[in-house]
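Asks: just to be clear, the model below is a prediction. Sequence and coordinates:
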Amino acid sequence: MRVAVVSDIHGNRHAFEAVLDQIEASDCQELWCLGDLVGYGAEPDACVELARRHAAICLAGNHDLGVVGTLSLSEFSRGAALAAKWTDETIAPETREYLTGLEPVNLDEEVGLFHASPRDPVWEYVLSPLQAELCLDVQRHRICLIGHSHVALSFSRAEGEPATGETHSAGEQLDASAGEWLINPGSVGQPRDGDPRAAWLVLETENWTVVYRRSAYDIVGAATAIRAARLPDSLAERLSYGQ
């Protein structure tokens, strides 16, 4: 099966729609979302509705859990907390209902699905080989998909060797047919790896290959929506820099 994998939409409808257009034009059979449908962006209802219509699997991210009250907003940065509070006050009842029904982990597929990591599905940012090593030690699946860090990257470990990792650019392909893996598609709505285009990937489960993708989108439109909602200007400014 060929699966499109996305994460960290963060209320950025413009970015999500651009990715969905490319997925629809591809031969992907399913869409899996690793969480954070809402958060920093100004169109949470639209993003949740798109996920409801298109995603075969959708996880909860820490921002989703903060908006519905499962997590305290005191655990978030100031900008994230302000955006979550605004989202909480803005979203439609059906949006809240959908978010409330999501979980940050799914172990029912051929690969493990986590918003953040196998050790901590909600909060851990896996950005170093040491963190990856610790996660690989506890994960039950040979391959796990993770989000949360907003960076397109992967970590792998061959038998008897330490974990290694690297970031990935658009078009790069991985052969994940052997060894243990942690694979992150990057962020659709707020990339933080220097490339402002929406990040996602395609996973082929028959031969276990991964291809990283990027989708250009209307960054000005997304930033304008953030400013119109009177959210922190930094949330709009950073979109142009992929930071």
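Replies: Arrived safely. All of these numbers come straight from a predicted model, not from anything done at the bench.

Asks: so residue 55 makes contact with residue 28?
Replies: No - with contact defined as C-beta atoms under 8 Å, residue 55 does not count as touching residue 28 (11.7 Å). Any C-beta I mention is one placed from the backbone N, CA and C, and that applies to glycine too.

Asks: the residue of the chain positioned farthest from its centre: what secondary structure?
Replies: In the chain, the greatest distance from the average C-alpha position (C-alpha atoms, centre = their mean) is reached by residue 160, at 30.4 Å. Each residue gets one of three states, and residue 160 gets coil by DSSP: H, G, I helix; E, B strand; the rest coil.

Asks: distance of it from residue 128?
Replies: The span separating residue 160 from residue 128 equals 20 Å under the rule C-beta to C-beta, to the nearest Å.

Asks: now do residue 26
Replies: Relative to residue 128, and taking C-beta to C-beta, residue 26 is found at 32 Å.

Asks: same question, residue 76
Replies: Residue 76 sits at a distance of 23 Å from residue 128 (criterion: C-beta to C-beta).

Asks: so the two - more neighbours on which side?
Replies: Set side by side, residue 76 and residue 128 give different neighbour counts by other C-beta atoms under 10 Å, the larger being at residue 76 (18 against 12).

Asks: and the strand or helix carrying residue 83, how far from the chain's centre?
Replies: Following DSSP states H and E, one finds residue 83 within helix 78-90. Per C-alpha atoms, centre = their mean, to the nearest Å, the displacement of helix 78-90 from the mean C-alpha position of its chain is 19 Å.
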